[in-house]
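1. Based on what follows, work out the 3D shape:
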Amino acid sequence: MSAVYIKTIRVEGDSIDVHGHVNNQEYLRWMQEAAIEHSARQTWPMERYLELGASWYVRSHFIEYLTPARLADEILACTWIADMGSRRCTRKTIFLRRADRHRLARAETRWLFVNLTSERPQTIPAVLRAAFATIDSENAALEDIGRQL
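-> As a prediction, the model looks like this:
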């Protein structure tokens, strides 16, 4: 199974802002959706986290917008785990326009694994850590994406 998860998105009218391109809030929403879908694909759906009594909390998001996306564009949200420590991980995402694979945006989310009762950081269990391969560079991720497309 590939380390990069690819979510296909078709830009609809409600994603467009007053400037005629995708609103920046949409990228954040798509990042979260892709992360949740990727986790489920790796056998970690939200229900499994809830049974464990722990889940991921966002520490920070960073998004660099490179080229605007527009109405009816088909976008590929490509996401992967860049690194995983004992209680945290970094997830990266690249948004590509499907037609020409042009980079629209790149993003990074830093997550903290948290006990849901105490809301304190918790060590990531080995079984969860083993479910996710890591890719440490954007170039390696792009190679993986190219193999999938």
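
2. Just the endpoints, please. Distance across stretch 79-89?
-> One end of stretch 79-89 sits 13 Å from the other (C-alpha to C-alpha, to the nearest Å).

3. I'd like the mean pLDDT over that stretch, please.
-> Mean pLDDT, stretch 79-89: 98.

4. mind starting the numbering at 146 from now?
-> Renumbered: residue one is now 146, and that last one reads stretch 224-234.

5. Contacts made by it with the rest, please.
-> Residues outside stretch 224-234 that contact it (C-beta atoms under 8 Å, 6 or more residues apart in numbering): 148-150, 152, 176, 179-180, 183, 201, 204, 235-238, 253, 255-258, 266-269, 274, 277-281, 286, 289. To be clear about C-beta, it is placed using only N, CA and C from the backbone, and glycine gets the same treatment.

6. and if you look at stretch 179-196?
-> 146, 150, 152, 200-201, 222, 224-225, 236, 238, 254, 261, 273, 276-277.

7. redo that, cut-off 6 Å
-> Stretch 179-196 is contacted from outside by 150, 152, 200, 222, 224, 236, 276, 277, using C-beta atoms under 6 Å, 6 or more residues apart in numbering.

8. buried ones in it?
-> Within stretch 179-196, the residues that count as buried by 16 or more other C-beta atoms under 10 Å are 179, 180, 182, 183, 184, 187, 189, 194.

9. What separation do you get for the second one and residue 163?
-> Spelled out, it's residue 180. Here the criterion is C-beta to C-beta, to the nearest Å. By it, residue 180 lies 28 Å from residue 163.
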